[in-house]
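Trainee: my questions are about this predicted structure, shown below with the sequence.
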There are 2 protein chains.
Amino acid sequence: MERRPTLHDVAGEAGVSAKTVSRVLNGDGPVAAATRERVLAAVRRLGFRPNLMARSIRTGGPDSTVGLVLPDLGNPFFGALAGGVEEAVRGRGLTVLLGCSGGDGAREAEVVGAFLARRTSALLVVPSGGRPGGGPGSRPGSRPGGRPGGEPLAAARAAGVPLVYLDRPGPGADCVVSSNRAGAREGVAHLLGAGHRRVGFLGDLPASMYTRRERLAGWREALAAAGLPAPAELVAGARTVAEAERATLALLARPAPPTALFASNVTAATGAVLALGRSGRRDVALLSFDDLPLAEVLDPPLSAVAQDPALLGATAARLALARLDGDATPPRTETVPTRLVLRAARG
Amino acid sequence: MERRPTLHDVAGEAGVSAKTVSRVLNGDGPVAAATRERVLAAVRRLGFRPNLMARSIRTGGPDSTVGLVLPDLGNPFFGALAGGVEEAVRGRGLTVLLGCSGGDGAREAEVVGAFLARRTSALLVVPSGGRPGGGPGSRPGSRPGGRPGGEPLAAARAAGVPLVYLDRPGPGADCVVSSNRAGAREGVAHLLGAGHRRVGFLGDLPASMYTRRERLAGWREALAAAGLPAPAELVAGARTVAEAERATLALLARPAPPTALFASNVTAATGAVLALGRSGRRDVALLSFDDLPLAEVLDPPLSAVAQDPALLGATAARLALARLDGDATPPRTETVPTRLVLRAARG
DNA sequence: GTGAAAGCGCTAACAG
DNA sequence: CTGTTAGCGCTTTCAC
């Protein structure tokens, strides 16, 4: 119950040297079958577990962990993403070290620093965007003091630790993102294909952050491809569900109101559903970016451009592992496709 | 870009001994202001970061990580829980080590073993229930070979590593759970208070697993308190959304159908919402255990017994930290209250 | 086949 | 105030 047994304790118990125990445990050199049995028995008797930290220290290699920095675990998107990383990494005997930045650049820097100090073998980061206390409204490069977490991330690269940016691109490193633009374009195109000529855009504004910018661009591209204008009157910003609800009503109260809405995130979609439901507007089509768990039980059911957060995480993990395996090609961006989930009105 | 700088490199660069650098970094002994500056400058110049593993090894203390074992990160409940743990633990300079058991006892044992080998300072575990490949249907102690993950968890205790079971109680250790029974009772009591006499129970069966058993008991207790019977005809089992949908319809097709339903988990609730919506039964009241993000946009809106997964995680973390601080009182169970969220029909 | 020594990066214990 | 020595638990190197 006191000190945990060490290699030496096992060696003593088995009447061999420490090195022999080490050999048995790592399948290293040749060991006589009888000796091996004796050692194994001693290991079991003492409940010995080799100290991984000591091993890492001696071998000089990185620790068998992968650092994952997320803005917010409360968001199911990031939870699923973490699950994807864990699963992809487990097969290699690696464990996930988890940190939350809260969308704050300073905290991100702290967490990355701590991970580097632990000699994490790779770093997967959803960049905070850098506004201290940032969160949803954050904006890249907007912090007075320069790039957020920029220094530790630079340190990561300097230390030769593979770094992959997740969900949003970062400077000069690998990165894995959803097909925000193409997905949004496809979703809006579907609404246009159903005959709509005025499709409103509901989302977080200003669209300075990567995902927002891309989704807005996708909306624009779809309209342009159909030869339609993308007037500012069709665009409404909202950060909260309540704001989105109001924005939806405002959009519909305009002179030439949209006949369909594209909600570019979950919050916007929730507000829109609420607004349409409460005002009894069942004639307005709604499609959202990022699927909602209960989308199919809504009335009318909500079609969506679904992301695959777990695949996002798994892809990032694989990229990092490839780097660990020596892949030294220039940094690349991998795009994980979205999927258009169409849900029909109830029969 | 090659080898990371060590304490020695810094010492050389600053023209002092390794120990002095160590002193500066840890605020240990007294150091002359001038020397300190010189060392700090060298540290910055070299981009030195102390190797936490080496430190832990030397000090003999546990690693500054807390192991968290979850069944499934895809489930938002567990994501939020992880967030609560991370936040509670960060203030102490600890990092979360994340592992997924997939609800499988064997994998749980593996993960716990790996964490123990890393010298994690505490272990927070949502017990898998032990059925290999277990998941939703798992049942404690049902595995032929005996208690699942039991051996490593015993090892944890033997090694003196604080162990806290989360969401479900485990044998002989601290544990933090939601008030499943009281919450369910309160929810059902609310339905009874609204005048309902026959309240159906929809959930995962058999109710051998802790949370299921407790919620079913809560339903029974509420009925008993109102002097009502709890006949088997009012209970329906369902593991999937589709099953829950069918089960709901079956329940409502019985001779003396329930006028209200208590869905004891998210899956059951989703199926019930679907069934009620599709069959146009707006006369049946529905209340669920575990809140849904979109509950308020449903029509009719869904009342719920809300859990607080983040608080669950934070509470478990605090318990573990108290143990680390020397709290040696007997194992205790902490119950995190649920909250009844009533949502009115739309105006 | 096996063991003895050295050393990974760091800090405790004693010097000076 | 600062440096030296020793050693954490393990693996590497080289000897037997």
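Mentor: Perfect, thanks for sending it.
Trainee: and the closest residue to DNA strand D within the stretch 201-347 of chain A, what's its pLDDT?
Mentor: Proximity of the stretch 201-347 of chain A to DNA strand D (CB to the nearest atom of the strand) peaks at residue A:324, 16.8 Å away. To be clear about C-beta, it is placed using only N, CA and C from the backbone, and glycine gets the same treatment. If you check residue A:324, the pLDDT there is 94.
Trainee: could you report the neighbour count for it?
Mentor: 16 (other CB atoms under 10 Å in any protein chain shown).
Trainee: test my guess that residue A:234 contacts residue A:200.
Mentor: Yes: here residue A:234 reaches residue A:200: they are 4.8 Å apart, a contact under CB atoms under 8 Å.
Trainee: between the two, who's got more neighbours?
Mentor: Between residue A:234 and residue A:200, counted using other CB under 10 Å, the more crowded position is residue A:200 (26 against 22).
Trainee: and the residue of the stretch 51-200 of chain A closest to DNA strand C?
Mentor: The stretch 51-200 of chain A approaches DNA strand C most closely through residue A:58 (3.4 Å), counting by CB to the nearest atom of the strand.
Trainee: tell me the contacts of the residue of the stretch 201-347 of chain A closest to DNA strand D?
Mentor: Shown in contact with residue A:324 (CB atoms under 8 Å, 6 or more residues apart in numbering or on different chains): A:121-122, A:162.
Trainee: just the buried ones from these?
Mentor: Neighbour-count burial (16 or more other CB atoms under 10 Å in any protein chain shown) applied to those gives A:121-122, A:162.
Trainee: in CSV, list those residues along with distance to DNA strand C.
Mentor: Converted to CSV, the buried ones among the contacts of residue A:324 look like this (distance: CB to the nearest atom of the strand, whole Å):
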residue, distance to DNA strand C
A:121, 15
A:122, 19
A:162, 20
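Trainee: would you reformat the residues you listed as TSV and include pLDDT?
Mentor: Compiled in TSV, these are given as follows (pLDDT from 0 to 100):
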residue	pLDDT
A:121	95
A:122	96
A:162	95
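Trainee: now intersect these with the strands, please.
Mentor: residue A:122 (DSSP state E).
Trainee: okay, and the beta partners of residue A:174?
Mentor: residue A:164 (DSSP bridges).
Trainee: for it, what are its contacts?
Mentor: A:162-165, A:316, A:319-320, A:323, A:331-334.
Trainee: and with 7 Å instead?
Mentor: A:163-165, A:319, A:331-332 (CB atoms under 7 Å, 6 or more residues apart in numbering or on different chains).
Trainee: doesn't residue A:275 belong to a helix?
Mentor: Yes: using DSSP: H, G, I helix; E, B strand; the rest coil, the assignment for residue A:275 is a helix.
Trainee: is chain B within reach of the strand or helix carrying residue A:88?
Mentor: Using DSSP states H and E, residue A:88 sits in helix A:76-90. Yes: judged by CB under 7 Å from any CB of the partner chain, helix A:76-90 comes into contact with chain B at A:76, A:78-80, A:82-83, A:86-87.
Trainee: DNA strand C contacts on chain A?
Mentor: Residues of chain A lying near DNA strand C by CB under 7 Å from any atom of the strand: A:16-20, A:23, A:29-32, A:34-36, A:54, A:57-58, A:60.
Trainee: now do 10 Å
Mentor: A:11, A:14-24, A:28-36, A:38-39, A:53-60, A:117, A:119 (CB under 10 Å from any atom of the strand).
Trainee: thought residue A:286 was touching residue A:272?
Mentor: Yes: counting by CB atoms under 7 Å, residue A:286 sits close enough to residue A:272 to count as a contact (5.6 Å).
Trainee: so these two - more neighbours on which side?
Mentor: residue A:272 (32 against 24).
Trainee: the more buried one: which element?
Mentor: Counting by DSSP H and E, residue A:272 is part of helix A:266-278.
Trainee: run the angle between whichever helix or strand comes after that helix and helix A:266-278 for me.
Mentor: Using DSSP H and E, the helix or strand that directly follows helix A:266-278 along the chain is strand A:285-289. Strand A:285-289 and helix A:266-278 are oriented at 160 degrees to each other (axes from the mean of the first three to the mean of the last three CA atoms, to 10 degrees).
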